[in-house]
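>>> Structure, please.
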Amino acid sequence: MEKEEMPESNLNGNETIPKSEEETGGEEAVTPKRRQSRKNTKEPSRKKLKVEEPQISEYEKLILKNIEERKKLLEQFNIKQAKENLKALSPAVLKPKPSPSHTRGFRIKRERSPVPVGPPRRSSRLIERETGMTPVKVEGEDYSEGVAGDLVFTKLKKEEMVDETKTHSLGDVYAGKGDEELTVFLAKLKSNLGDIGSGKGMGSLPLKDFQKKISNFNISDEHVVKITKDRIYSMAVHPSVLRRLVIAGDRKGYVGLWSVDESDDLHNGCRVFYPHRDPINCVSFDKFNHSKFYTTSYDGLFKRADLETGLFEVMYSLSGSKSQRSWTSFHAQKDEHIFYVGRGDGRVAVVDTRQNPDGNTIVGKCYDISVKTVDIHPKMDHIITTSSRTGVVGIFDIRKFSGNKAASLSTFSHKRVCHSAFFSPLSGDYVLSSSADDTIQIHDVSKLEKPASVLSLKHNNFTGRWITPFRPIWHPQREDVFVSGSMRGFTGNRVIEAFSVDGSVLHTFQGDNLTTILPVTAFHPTLEFLVGGSSSGKAYLLEEPK
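Numbers count the residues shown, from 1 in each chain. Predicted structure coming up:
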């Protein structure tokens, strides 16, 4: 008999060892009973790791305790609710709006440039380097017109520019838009300009009463306006007692008019013109015809504007001069037709407005370099005082001008450039001068040939590059008071100083709206107010609150 084969057993002798995949045709030889046993088999349970909480130090416990105590304190006093109530009650404080003075005055809305059409511009040099071919310029294409952001900066052709050496209407040189609204404004302006006060106003007050009066001067929000486009170089106030009118000239040749009481006007009573191309160092109203005003600019032109006829005319021109110093710097009015005009070559010209602007005039050489200011003696209209870039202040007799020469009656000097020199307004016995040597001086010139120093006041006149030099002025009806811009204070809180002739400070003008240095100032002859001009082209009016 053949032996019966016994099945192989595992090491424990309990289970049959399955055959290999090759022997079973790739299928595991598992019985149905075994499959059922696998389903019922439970996986061994995993042990959960116990995470221990970190222990808190005594210091951290103290911090948490303090936090809880503060929370309870805030809840006790209802601080959170009070904070929410404050936000609801004072939105203006939390979100301050800009002051109206930032947008008051004459402003021109800039136009957006159209989106450029066509391929982007490329450098001709790079194109030639890459291709070896020189680009051909397209006939009629303007390569001089550049792109300046998203604003339109039009470069006018030479023949299209307004020729400032010719006569133009006010509309031709108007910086705004719309001749119709300008006509309406000028029509209103012409009324009441002839009503000139005959009194002295604050000039008749004793000095202590005058000091008390000006101590009440302040600047209201509506009396801060944008009057010119750029830095103000010169200002004047019309003598009318019924219409308050201010004029200012700026660094770029713009002239601004401000009718103070036209606050509801389109531009808050301001209109701007562009009669010059360089700084306007002097503006004044005609002393004999109050509808006219005059401007002197570094572009070599002395002009007259007539509000009645609406014309800007050239009275004197150095535009055709071949001299390197062919500019005009200042003017002073002798009578209805005669003006004395300072020049950049150190000369003073006697200009008759009835003659041709390019005609021959009497000229006297006062200095070797620029005349800064010219002023006429109030009682002797043939006597003038001039300041110069050399620092010399001279007193001259116009009648002795001969052959381009001018012999001075007397002189006195500052150590550096002298920015201004003005006679006292009533007697002419004193000359007030200011210099870059940080002094304001007063000289007694009652004896014209022997000036005597009365005051040398230390004053910070270092205005720097961006601020117009200080030019202290007399009160037009007093000889014991003068006013000057000041470097005192700090950003957002500036002052104007009023001095007595002994150098003591009578009053320091300041206020919430006086936030910038005002180097240029002007008084009304009889009414009780003062104006100042800033480097941003804004005018500020100071008066007693009403």
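
>>> Sketch out the low-pLDDT regions of the stretch 151-300 of the chain for me.
Residues of the stretch 151-300 of the chain meeting the criterion pLDDT under 70: 151-162.

>>> cool, and the chain?
Checking the chain against pLDDT under 70 turns up 1-54, 89-103, 107-120, 134-162, 320, 322-324.

>>> Show me it divided up by domain.
149-190+275-362, 366-462 (automatic domain parsing).

>>> Adding mean neighbour count and distance to V531, write those domains out as TSV.
Every C-beta, even on glycine, is put in place using the N, C-alpha and C of the backbone. Below are these laid out as TSV (neighbours: other Cβ atoms under 10 Å; distance: least, Cβ to Cβ, whole Å):
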stretch	mean neighbour count	distance to V531
domain 149-190+275-362	17	12
domain 366-462	19	17
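
>>> Now render those as TSV, adding distance to L242.
Below are these laid out as TSV (distance: least, Cβ to Cβ, whole Å):
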stretch	distance to L242
domain 149-190+275-362	11
domain 366-462	23
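
>>> Would you state the strands of the stretch 151-300 of the chain in chain order?
168-169, 224-226, 232-237, 245-250, 255-259, 270-273, 280-285, 292-297 (DSSP state E, counting those that start in this stretch).

>>> dump the residue contacts of H414.
391-393, 433, 435-437, 439, 441 (Cβ atoms under 8 Å, 6 or more residues apart in numbering).

>>> Just the C-alpha atoms of the helix or strand hosting L126, please, in PDB.
Using DSSP states H and E, L126 sits within helix 124-131. In PDB, the C-alpha atoms belonging to helix 124-131 read as follows (Å, rounded to 0.1, in the frame of the first residue of the first chain):
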ATOM      1  CA  SER A 124      16.200 105.800 -32.100                       C
ATOM      2  CA  ARG A 125      19.600 104.900 -30.900                       C
ATOM      3  CA  LEU A 126      18.500 101.500 -29.700                       C
ATOM      4  CA  ILE A 127      16.600 100.800 -32.900                       C
ATOM      5  CA  GLU A 128      19.700 101.600 -35.000                       C
ATOM      6  CA  ARG A 129      21.800  99.400 -32.700                       C
ATOM      7  CA  GLU A 130      19.400  96.400 -33.100                       C
ATOM      8  CA  THR A 131      18.600  96.700 -36.800                       C
END
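
>>> what about G342, which SS state?
Three-state call for G342 (DSSP: H, G, I helix; E, B strand; the rest coil): strand.

>>> and the gap between it and V351?
Separation of G342 from V351 (Cβ to Cβ, to the nearest Å) stands at 11 Å.

>>> repeat for V431
V431 is 23 Å from V351, by Cβ to Cβ.

>>> cool, V260 as well?
Distance from V260 to V351, by Cβ to Cβ: 31 Å.

>>> just how off-centre is the longest strand along the chain within its chain?
Criterion DSSP state E: the longest strand present in the chain is strand 481-490. The chain centre lies 18 Å from the centre of strand 481-490; the measure is Cα atoms, centre = their mean, to the nearest Å.

>>> so F470 makes contact with P519?
Yes - the pair F470 and P519 qualifies as a contact (Cβ atoms under 8 Å) at a distance of 5.2 Å.

>>> Helices of the stretch 101-250 of the chain, start to end?
Using DSSP state H, counting those that start in this stretch, the helices of the stretch 101-250 of the chain run over 124-131, 179-190, 207-214.

>>> Run the chain-centre distance for the first one.
Okay, so that is helix 124-131. Taking mean C-alpha positions (Cα atoms, centre = their mean), helix 124-131 and its chain are 44 Å apart.

>>> K252 contacts D230, correct?
Yes - between K252 and D230 there is a contact under Cβ under 8 Å: 4.6 Å.

>>> which one of the two has more residues nearby?
K252 (17 against 14; other Cβ atoms under 10 Å).

>>> who's in contact with that one?
229-230, 277-279.

>>> Now distance to Y367 too, for these, in CSV please.
Converted to CSV, the contacts of K252 look like this (distance: Cβ to Cβ, whole Å):
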residue, distance to Y367
K229, 32
D230, 28
R277, 25
D278, 21
P279, 20
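
>>> which one of those residues is nearest L426?
Distance to L426, by Cβ to Cβ, is smallest for P279 among these, at 30.8 Å.

>>> tell me, what's touching G342 and V351 both at once?
Counting by Cβ under 8 Å, 6+ apart, the residues touching both G342 and V351 are H331.

>>> Give the bridge partners for F482, please.
Here F482 sits in beta bridges with W474, F499, going by DSSP bridges.

>>> okay, now it: neighbour count?
Neighbour tally, F482, other Cβ under 10 Å: 26.

>>> show me what contacts it?
Contacts of F482 (Cβ under 8 Å, 6+ apart): 432, 440, 472-475, 498-499, 501.

>>> can you give me how far the helix ranked longest in the chain is from the chain middle?
The helix that spans the most residues within the chain, counting by DSSP state H, is helix 58-77. Offset of helix 58-77 from its chain centre (Cα atoms, centre = their mean): 54 Å.

>>> so what sits against both of K252 and D230?
By Cβ under 8 Å, 6+ apart, no residue touches both K252 and D230.

>>> quick one on the thing from earlier: quick one: which of the domains of the chain is nearest L73?
Of those, the one closest to L73 (Cβ to Cβ) turns out to be domain 366-462, at 53.2 Å.

>>> ends of the closest one, how far apart?
26 Å (Cα to Cα, to the nearest Å).

>>> can you offset everything so residue one is 152?
OK, 152 is where the count begins now, so the last one is domain 517-613.

>>> wait, isn't T316 in contact with M466?
No - applying Cβ under 8 Å, one finds T316 not in contact with M466, separated by 11.6 Å.

>>> re the thing from before, ok, which of the domains of the chain comes nearest G348?
Across the domains of the chain, closest to G348 is domain 300-341+426-513 (Cβ to Cβ), at 11.7 Å.

>>> for stretch 605-622, the distance to its chain's centre please.
19 Å.

>>> For the contacts of H565, give me a markdown table that also has secondary structure.
As requested, the contacts of H565 are arranged in a markdown table below (three-state DSSP):
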| residue | secondary structure |
| --- | --- |
| G542 | coil |
| V543 | strand |
| V544 | strand |
| S584 | strand |
| S586 | strand |
| A587 | coil |
| D588 | coil |
| T590 | strand |
| Q592 | strand |
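
>>> one step back: closest one to Q227 among the strands of the stretch 302-451 of the chain?
strand 375-377 (48.6 Å).

>>> List the residues that contact the nearest residue to G352 once chain neighbours are set aside.
Nearest non-adjacent residue to G352, counting by Cβ to Cβ, 6 or more residues apart in numbering: T677, 3.9 Å away. Counting by Cβ under 8 Å, 6+ apart, T677 makes contact with 348-352, 354, 390, 392, 628.

>>> returning to what we had before: counting neighbours, show which residues of the helix holding L277 come out buried.
For helix 275-282, a neighbour-count test (16 or more other Cβ atoms under 10 Å) marks nothing as buried.

>>> Next: stretch 387-400.
387-392, 394-400.

>>> which residues touch V596?
536, 546, 561, 574, 579-582, 602.

>>> shared neighbours of T316 and M466, which are they?
The contact lists of T316 and M466 share no entry, where a contact means Cβ under 8 Å, 6+ apart.

>>> hang on, the earlier thing: quick one: the contacts of F633 as a markdown table, columns for distance to L213 too.
Compiled in a markdown table, those are given as follows (distance: Cβ to Cβ, whole Å):
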| residue | distance to L213 |
| --- | --- |
| L583 | 73 |
| I591 | 67 |
| P623 | 67 |
| I624 | 70 |
| W625 | 73 |
| H626 | 71 |
| A649 | 63 |
| F650 | 65 |
| V652 | 72 |
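
>>> got the angle between the longest strand of the chain and helix 358-365?
50 degrees (axes from the mean of the first three to the mean of the last three Cα atoms, to 10 degrees).

>>> Show me which residues of strand 632-641 are buried.
632-638.

>>> same deal with stretch 611-624?
So, applying 16+ other Cβ under 10 Å, buried residues of stretch 611-624: 612, 614, 618-624.

>>> so which of the helices of the stretch 252-401 of the chain gets nearest F436?
For F436, the closest of the helices of the stretch 252-401 of the chain is helix 330-341, at 12.3 Å, according to Cβ to Cβ.
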